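Novice: Provided below for reference: sequence and predicted model.
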Amino acid sequence: MESRFATPLQMRESVFFDGPEAAARHSRFWLLLVLSAIIASAGVVADSTAAVIGAMIVAPLLGPIQGTMLATVLGDRANLMRSMLLVIAGAAAAVAIGYLIGLTVTGDVVAATNSQVAGRVSPRLIDLLAALGTGVVGSVALVRRDISDTLPGVAIAISLVPPLTVVGLTLESGAWVEALGALLLFVTNVVAIIATGIVVMSIYGVNRLAAVTAADGAVSASLRKPAALLAAMLIVIGLPLTFTSADIASRSLTETAVHDEVNRWSVDAGWSLTNLIYSRDEITVYLEGPLPLPETESLEAALTARGVDVETVRLVLVPVYEVRLGD
């Protein structure tokens with residue numbers, strides 16, 4: 001009966017870019033990377049979730065990232081360097097493609113006007129948790145051949161190329177802070193895949209099995225140093241994610257307070273709240289209604305009582321004139 005577990009050799013053939021098929025694997029990788037980056041960039045610019053998901057399925061970056069993880073487990077320095085360089089080069093290419101496509105777009109592609117960008121420039125601790133869980137599934141799928149058909153789902157969940165194209169698009173738009181946020185999301189996903197992969201491979205004893213398969217008496221690769229390094233990286237990544245999570249929670253509370261108080265005030269004044277936009281520096285509230293313009297002192301007092309800094313709130317009052325034809 002055929003084993004449901006993949007051998008170290010089969011895992012190597014799945015993720016390493018070496019051997020007689022290296023040239024074909026490299027050409028396939030670069031072809032899919034360029035296409036996925038173009039699809040992702042176009043999907044982000046068009047604010048199309050379907051196109052972005054399509055780019056995730058096509059994206060080939062998961063392979064060399066898992067190759068980095070497996071090479072670390074096996075102590076294979078040559079494939080470790082090869083896989084790491086491929087990840088870095090592929091990431092740089094995706095950013096460059098996003099930047100170039102941004103040059104062809106009229107207007108800035110930033111979080112304030114695009115939901116695809118907004119969802120990728122403020123990573124939180126929950127994103128790290130999701131990445132760790134997805135990394136476990138991807139690593140188990142690499143070890144167990146009977147569940148390898150889950151890899152397309154892993155590719156969708158981990159989201160590697162879209163954040164990189166967002167980096168390029170926001171850089172071209174001059175939004176450096178947003179570009180750094182998208183890059184942090186990508187790095188978070190990469191570290192999560194490698195960290196969880198090392199844990200899964202240790203549980204399945206892949207490093208020991210590979211040593212026995214290679215030669216009798218061979219010593220399995222030590223995972224102490226890689227594990228310590230990845231633990232440190234997770235901690236370092238966790239710090240900005242914690243800060244971002246706290247900032248998003250604070251902004252959410254502020255936005256809720258502003259919305260509630262402005263809505264209550266506008267109803268009393270006979271005006272209506274039409275939109276509320278929260279940028280990094282201020283909250284812009286759009287209202288419309290009949291003349292005369294309503295007083296704002298009571299609103300300022302209500303917002304101050306809710307702990308909102310009124311200097312960060314800007315009202316845009318649009319008078320509405322109603323004309324009855326035939327009168």
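Specialist: Structure received. Residues are numbered from 1 along each chain as shown.

Novice: pLDDT value on I147, please?
Specialist: With respect to pLDDT, I147 scores 69.

Novice: In this structure, which residue is most central in space?
Specialist: L185 (4.1 Å; CA atoms, centre = their mean).

Novice: That one contacts G119, doesn't it?
Specialist: No - counting by CB atoms under 8 Å, L185 does not reach G119; the two are 9.4 Å apart. In this view, the C-beta of every residue, glycine as well, is placed from N, C-alpha and C.

Novice: contacting residues for the residue lying closest to V308 once chain neighbours are set aside?
Specialist: Spatial nearest neighbour of V308, chain neighbours left out: A257 (5.4 Å); criterion: CB to CB, 6 or more residues apart in numbering. Counting by CB atoms under 8 Å, 6 or more residues apart in numbering, A257 makes contact with L303, R306, G307, V308.

Novice: Now L164: which helix or strand?
Specialist: L164 is part of helix 161-172 when elements are defined by DSSP states H and E.

Novice: and the residue lying closest to I65 once chain neighbours are set aside, helix, strand or coil?
Specialist: Computed as CB to CB, 6+ apart, the closest residue to I65 that is not its neighbour in sequence is I193, at 5.1 Å. Recorded secondary structure, I193: helix (DSSP: H, G, I helix; E, B strand; the rest coil).

Novice: rewinding a little: distance of the closest residue to the residue nearest to the centre of the chain other than its chain neighbours from P64?
Specialist: Leaving aside its sequence neighbours, L185 sits nearest to P123 (CB to CB, 6+ apart; 4.1 Å). Going from P123 to P64 by CB to CB, to the nearest Å gives 22 Å.

Novice: likewise A89?
Specialist: 9 Å.

Novice: out of these two, which sits in the busier spot?
Specialist: P64 (26 against 14; other CB atoms under 10 Å).

Novice: low-confidence ranges in this structure?
Specialist: Across the chain, residues meeting the criterion (pLDDT under 70) sit at 1-3, 146-155, 157, 207-227, 280, 327.

Novice: just the strands in the stretch 201-327 of the chain please.
Specialist: Under the criterion DSSP state E, counting those that start in this stretch, strands of the stretch 201-327 of the chain are mapped to 272-278, 283-289, 313-319.

Novice: residues contacting the residue nearest to G102 when sequence neighbours are not counted?
Specialist: Leaving aside its sequence neighbours, G102 sits nearest to E172 (CB to CB, 6+ apart; 3.3 Å). E172 is in contact with G98, Y99, G102, L103, V109, counting by CB under 8 Å, 6+ apart.
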